[in-house]
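[1] quick one: sequence and predicted model below, then my questions.
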Amino acid sequence: MNRNGSFTVPATVGAPLSRRIPVAFRSMTHVNSLLVILLVLVVVGCESDSDLVVTTVSTQAVTSLPPVTTASTTTTTATTTTTLPPTYDLSVVVTGLDGVALPATTVDVGQEQATSDSDGVVTFSAIAPAAIKVSRFGWLPISIDWGGDEESVEVTLQPRIVRGLRVSSYVAADPEQFAALLHLAAVSTVNTLVFDTKDESTYVLYESESEFAADIGSVRP
């Protein structure tokens, strides 16, 4: 028995080597063998790592996009050609039944309008063909078709003939007499009724608000 409490078995002459090596020594031998093996593996691994070539492959992601359709827009500008009607110069001469020139007569040709001069003449420049309308106070209006084929047109107006009846205040105040007067105008050539607004004594026959008539005493109290 040793001081540390272990027993040492003396080797027997002729015994196998494993029996002649103490147990504790054999255990250490196994541990050392394992350490040697591990150390060899580490060295081999380091050498392998030193020879290892790391290759980095750069991979680019490619995204496939759907086909793009480009729409081509063509703008067509429509050219409108406006054909204007031909224009002509025109002279209109306005007279009465006796051939006397009628000044201050209104003449319309389409959108154009003018007034006759002292000779009864109206002139137009570069106008489109249209109806000629002639009117004058106290005269019957007239309309003539003009196609542009004549440079001068003579127009004769007829006077407006007035055939009137006088309506006295007494007749106007009587419903039966006034109705009979209207019937006479309807069945005859009468086209005018003239009403008395004052009598022979200068009195006004209606409720006048005229200050002048009141001042001169023409309004009955």
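    Happy to help now that I have it.
[2] and E176, that's in a strand?
    No. E176 is assigned helix when assessed by DSSP: H, G, I helix; E, B strand; the rest coil, not a strand.
[3] okay, now it: neighbour count?
    8 (other C-beta atoms under 10 Å). To be clear about C-beta, it is placed using only N, CA and C from the backbone, and glycine gets the same treatment.
[4] repeat that for L90.
    23.
[5] what about it, distance to S152?
    According to C-beta to C-beta, to the nearest Å, L90 and S152 sit 8 Å apart.
[6] same check, this time on T87
    For T87 relative to S152 (C-beta to C-beta), the value is 16 Å.
[7] also S91?
    Distance from S91 to S152, by C-beta to C-beta: 4 Å.
[8] what does V162 give?
    32 Å.
[9] so D119 touches A101, yeah?
    Yes. Assessed by C-beta atoms under 8 Å, D119 is found in contact with A101 at 5.2 Å.
[10] more neighbours: which of these two?
    A101 (15 against 12).
[11] excluding covalently adjacent residues, which one is nearest to the more buried one?
    Sequence neighbours aside, G120 is the residue nearest to A101 in space, at 3.2 Å (criterion: C-beta to C-beta, 6 or more residues apart in numbering).
[12] so the one you found touches S91, yeah?
    No. Judged on C-beta under 8 Å, G120 makes no contact with S91 at a distance of 10.9 Å.
[13] the two - which one has more neighbours?
    G120 (22 against 13).
[14] for this structure, which helix or strand comes out least confident on mean pLDDT?
    helix 17-20 (a mean of 48; mean pLDDT, DSSP states H and E).
[15] could you dump stretch 205-220 to CSV, C-alpha only?
    Output of stretch 205-220 as CSV, limited to C-alpha atoms (Å, rounded to 0.1, in the frame of the first residue of the first chain):
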residue,chain,number,x,y,z
LEU,A,205,-113.6,114.8,-71.8
TYR,A,206,-111.6,112.4,-69.6
GLU,A,207,-109.9,112.6,-66.2
SER,A,208,-106.7,114.3,-67.3
GLU,A,209,-103.7,114.6,-65.0
SER,A,210,-102.1,117.2,-67.3
GLU,A,211,-101.0,120.3,-65.3
PHE,A,212,-101.2,122.4,-68.4
ALA,A,213,-104.9,121.5,-69.0
ALA,A,214,-105.6,122.3,-65.3
ASP,A,215,-103.8,125.6,-65.5
ILE,A,216,-105.8,126.8,-68.5
GLY,A,217,-109.1,125.6,-67.0
SER,A,218,-109.8,122.8,-69.5
VAL,A,219,-110.5,120.3,-66.7
ARG,A,220,-114.0,120.3,-65.4
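[16] buried residues in it, which are they?
    205, 218-219 (16 or more other C-beta atoms under 10 Å).
[17] that older thread, what is in contact with D119 and A101 at once?
    V93 (C-beta atoms under 8 Å, 6 or more residues apart in numbering).
[18] what is the burial count for R136?
    So R136, with other C-beta under 10 Å, has 22 neighbours.
[19] all the helices of this structure, residue numbers only.
    Taking DSSP state H, the helices of the chain run over residues 17-20, 23-51, 169-173, 175-186, 211-215.
[20] of the ones you listed, which shows the lowest average pLDDT?
    Mean pLDDT values for those show the minimum at helix 17-20, a mean of 48.
[21] for the nearest residue to I142 once chain neighbours are set aside, give me its contacts.
    Spatially, and ignoring its direct neighbours in sequence, I142 is nearest to V134 (5.2 Å; C-beta to C-beta, 6+ apart). Counting by C-beta under 8 Å, 6+ apart, V134 makes contact with 92, 94, 105-108, 141-144, 155, 157.
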